[in-house]
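Asks: Provide a 3D model corresponding to the input given below.
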Amino acid sequence: MELRQLRSFVVVAEEMNVGRAATRLHLTQPSLSRQIAALERDLGVELFARVKRRFVLTAAGATFLAEAQDLLRRSEEAVRAAQRTQRGELGTLRLRFVQSATFEPLPQILGAFRRAYPEVVLDLESWTTLRQTEALRDGRIDVGLLRPTAPADATAVVRLAPGLASRVVAEDSLVAVLPARHRLARRKRLRLAELADEPFVFYSRPSGPIVHDTIIGFCRAAGFTPRIQQAADVQTIVALVAAGLGVSLLISPTPPTNPDAVVYRELSDDLPPWPLSVAWSPDNRSPVLERFLELI
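Replies: Coordinates of the predicted model:
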């Protein structure tokens, strides 16, 4: 049984006249009659009968008509779905992101992509840069929003990992995070050295070794090694700072907070901006990824 036979049968059932149906299908009447006869032989049932010179569906024909119409509709939907998938309008985008991208770049990027491709499924999760690069090489994710290099070596972004490509989408600065009642909270800008005697709340190193080591390096260059209370993520860091357990340093943009609990202050130190990059594997031929990169 072929789709063309189903189409012919449906048109004959709609017209209840082989001549008119043949005209709609651009077939000769004998050719259409042979198709219907062949379909009846394949099915082993009669689909049409003549009752008092009228052409009518049999009970089997009426049942088959509903199923045939559904099959034709689903076949057309399958064609459209395949074509839309090829265009990147359907499918899944597996995207991973570092925590510091959460509060501005990620919402902007995903918002624009969702508006452009509303039916693409977004598979999202926060991962470290190292975990993202490994997954990109292995083909387990499609794209990463990460910080592949310390800010002092921005050219290293092109050496992200063998076989991966990247593009810088933002350059962000480091800011101080203080309890709102801290002695330095009224200042608009601070020197890093002014935080030397403060307890720090910061990521554990496994949560982001590049960020961790670079910020510790900045502190040492300013003349001190911070005493650190470890926290798992940005939200926990901010909560612990608000509770008065210490101060912190975060890459901007920072999470929205109650200014009566936590404040963010610029650093006057001559620190280089920190690149945020989109990374992907050029071997990944996903149409959805292509559309995402075009949008970026």
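Asks: so how far is Ser31 from the closest residue in space to Thr129 that isn't next to it in sequence?
Replies: Distances taken as CB to CB, 6 or more residues apart in numbering place Leu146 nearest to Thr129, at 4.1 Å, with adjacent residues excluded. Any C-beta I mention is one placed from the backbone N, CA and C, and that applies to glycine too. In this view, Leu146 and Ser31 are 62 Å apart by CB to CB, to the nearest Å.
Asks: In terms of neighbours, single out the busier of those two.
Replies: Using other CB atoms under 10 Å, the more surrounded residue of Leu146 and Ser31 is Leu146, with 29 against 11.
Asks: and the more buried one, what is it in contact with?
Replies: Neighbour list for Leu146: 96-98, 101, 129, 132-133, 276-277, 279 [criterion: CB atoms under 8 Å, 6 or more residues apart in numbering].
Asks: buried stuff in stretch 246-266?
Replies: Going by neighbour count (16 or more other CB atoms under 10 Å), the buried part of stretch 246-266 is 246-255, 257, 262-265.
Asks: Of those residues, which pair is most distant in space?
Replies: Pairwise distances across those (CB to CB) peak at 21.4 Å, for the pair Gly246 and Pro253.
Asks: Val95 should be in a helix, yeah?
Replies: In this structure residue 95 is Leu, not Val. No. Assigned with DSSP: H, G, I helix; E, B strand; the rest coil, Leu95 falls outside any helix and is strand.
Asks: Arg189 contacts Leu267, correct?
Replies: Yes. Using CB atoms under 8 Å, Arg189 makes contact with Leu267 at a distance of 7.0 Å.
Asks: So these two - more neighbours on which side?
Replies: For Arg189 versus Leu267, neighbours defined as other CB under 10 Å are more numerous around Leu267 (19 against 11).
Asks: Correct me if wrong: that one contacts Lys188.
Replies: No. Using CB under 8 Å, Leu267 is not in contact with Lys188; the gap is 11.0 Å.
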